[in-house]
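S.K.: Predicted structure and sequence below. I'll ask about it afterward.
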Amino acid sequence: MAKRVIISGGGTGGHIFPAIAIANALKKIDPETEILFVGANGRMEMEKVPAAGYKIIGLDIQGFQRGSLLKNVLLPFKLFSSVLKAREIIKDFKPDVAVGVGGYASGPLLYAASQMKIPYLIQEQNSFAGITNKWLGKGASVICVAFAGMDKFFPKDKILITGNPIRKEAVDIENKRFAAAELLSLSPLKKTILVTGGSLGSGTLNKSVLAGMDKIIAADVQLIWQTGKYYYKSVTEQLAGKEHPNIKVLEFLHRMDLAYAACDLVISRAGAGTIAELCAVKKPVILVPSPNVAEDHQTKNALALVEKDAAILVGDNMAELELLDIALLLIENKNKCKELADNIGKMELPDADKIIAEEVLKLAK
Ligand SMILES: CC(=O)N[C@H]1[C@@H](OP(=O)(O)OP(=O)(O)OC[C@H]2O[C@@H](n3ccc(=O)[nH]c3=O)[C@H](O)[C@@H]2O)O[C@H](CO)[C@@H](O)[C@@H]1O
């Protein structure tokens, strides 16, 4: 009989896209699998999950809001009512198994699942586990991780190193350079840098590009510049009158495959999902870890690559000053680019989506 699976979590692309990759892999194994997503109202998953063809129900849940005591006053009530709603959802949908990928909705949903004796699997993308996942890890049947040493956070016997699941279509770049460049109105023959700040964009990367844009233009290098939704308006305002055909400014990249296919070098934040994709597309990368994440986990993500000569790291505080100089030197250094690309390719853990989907189905039996 077809299995019924609830997948919960979200907040940012780093949680949502692995969830979609797991859902796609479940459907590939058995197209009859019934999948329901549970997310947080008002967050990115409420738009991205239906766009990927899956049904989602939102909980009224938020994270702890730093700097606003008033907003946090309601948090315990929201948590309580989210657990009640999660219980209703489980009662109606009758899942055989639940999956949590982290982000606000995972907590109440997996807590309700554990109360209702539904087995659950956790997928942790980062080298550092957040409080909720650590707490939920105790009751999980399996915890799928992407980094070694995660037994600091989770019971050792439940951990499975699978790597991070990625959307196949996002990394399918074979023979697409010319078409991608054409679609982006760029030349396939000129050197091209992709700048991505992760699913939300990065203020530091945007500032660094603004600071060094003249050098990019002078070097006749092209730029695919993802600003992030929140920064797009301010970036385009600052660029007014200085637009250049070599520089493509985009709010969000809906086709990551085209961006990866068209570029020779990537400048990126060090989100775990982006890193997993970079291992699959095998592009040289300069990582600028965000300092604004729990326990500085992006630096740890980045160092795992740097230690293997698979990426170059530029600190957030140095980026505005030197990031584009380093990028322009690197893109001209064919040997170094090849070495970085070869080494990052060796770190790929392929089939994470399939391995996790198989674990999910095992639990559903
Ligand atoms: C600020 C923050 O909290 N960042 C966290 C968040 O990152 P963030 O949400 O940025 O996620 P990742 O870097 O892991 O992944 C970004 C995902 O969004 C996609 N994408 C990105 C840009 C774009 O324009 N279009 C697009 O489709 C990428 O292909 C990738 O699949 O989750 C990650 C995984 O838990 C963490 O490691 C990061 O530290």
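M.R.: The structure has been received and is ready for your questions. Since the structure is predicted, the reported quantities are computational estimates derived from the model, not experimental observations. Residues are numbered from 1 along each chain as shown.
S.K.: C-alpha from now on. contacts and neighbour counts both.
M.R.: Will do.
S.K.: Which residue is the nearest non-sequential neighbour of the closest residue to the ligand within the stretch 1-150 of the chain?
M.R.: Of all residues in the stretch 1-150 of the chain, the one sitting closest to the ligand is residue 14 (3.0 Å; Cα to the nearest ligand atom). Closest residue to residue 14 apart from its sequence neighbours, by Cα to Cα, 6 or more residues apart in numbering: residue 273 at 5.5 Å.
S.K.: burial measure for that neighbour, as a count.
M.R.: 24 (other Cα atoms under 10 Å).
S.K.: confidence score at it?
M.R.: For residue 273, the model assigns a pLDDT of 96.
S.K.: List the buried residues of the lowest-mean-pLDDT helix or strand in the chain.
M.R.: Least confident helix or strand, the chain: helix 69-73 with a mean of 75, by mean pLDDT, DSSP states H and E. For helix 69-73, burial by neighbour count (16 or more other Cα atoms under 10 Å) applies to residue 72.
S.K.: so how far is it from its chain's centroid?
M.R.: The chain centre lies 28 Å from the centre of helix 69-73; the measure is Cα atoms, centre = their mean, to the nearest Å.
S.K.: residues in contact with the residue in the stretch 51-200 of the chain positioned nearest to the ligand?
M.R.: In the stretch 51-200 of the chain, the residue that lies nearest the ligand is residue 198 (3.2 Å; Cα to the nearest ligand atom). Shown in contact with residue 198 (Cα atoms under 8 Å, 6 or more residues apart in numbering): 13-14, 228, 268-271, 274.
S.K.: and what of residue 161?
M.R.: Neighbour list for residue 161: 144-148 [criterion: Cα under 8 Å, 6+ apart].
S.K.: Can you say which of those residues are buried?
M.R.: In the contacts of residue 161, burial by neighbour count holds for 144-147, counting by 16+ other Cα under 10 Å.
S.K.: returning to that earlier point: can you tell me which of the contacts of residue 161 are in strands?
M.R.: 144-145 (DSSP state E).
S.K.: ok, back up a step: among the contacts of residue 198, which ones are in strands?
M.R.: Residues of the contacts of residue 198 located in strands (DSSP E): residue 268.
S.K.: Which single one of the contacts of residue 198 is nearest to residue 41?
M.R.: residue 13 (15.0 Å; Cα to Cα).
S.K.: Using the three-state scheme, assign the nearest residue to that closest one once chain neighbours are set aside.
M.R.: Sequence neighbours aside, residue 199 is the residue nearest to residue 13 in space, at 5.1 Å (criterion: Cα to Cα, 6+ apart). Counting by DSSP: H, G, I helix; E, B strand; the rest coil, the backbone at residue 199 sits in coil.
S.K.: Number of residues surrounding residue 43?
M.R.: 16.
S.K.: Likewise for residue 362?
M.R.: Residue 362, neighbours per other Cα under 10 Å, totals 10.
S.K.: that's a strand at it, yeah?
M.R.: No: using three-state DSSP, the assignment for residue 362 is helix, not a strand.
S.K.: wait, the residue of the stretch 1-150 of the chain closest to the ligand sits on residue 201?
M.R.: No: using Cα atoms under 8 Å, residue 14 is not in contact with residue 201; the gap is 12.0 Å.
S.K.: For residue 151, give its distance to residue 14.
M.R.: With distances taken as Cα to Cα, to the nearest Å, residue 151 is found 22 Å from residue 14.
S.K.: which of the two has more neighbours?
M.R.: residue 14 (23 against 11).
S.K.: Enumerate the residues of the stretch 101-250 of the chain near the ligand.
M.R.: By Cα under 6 Å from any ligand atom, the residues of the stretch 101-250 of the chain that approach the ligand are 125-126, 198-200, 226.
S.K.: Give me the buried entries from the residues you listed.
M.R.: The buried subset of these - by 16+ other Cα under 10 Å - is 125-126, 198-200, 226.
S.K.: With distance to residue 73 as new columns, can those be given to me in TSV?
M.R.: Formatted as TSV, those follow (distance: Cα to Cα, whole Å):
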residue	distance to residue 73
125	30
126	29
198	30
199	29
200	26
226	35
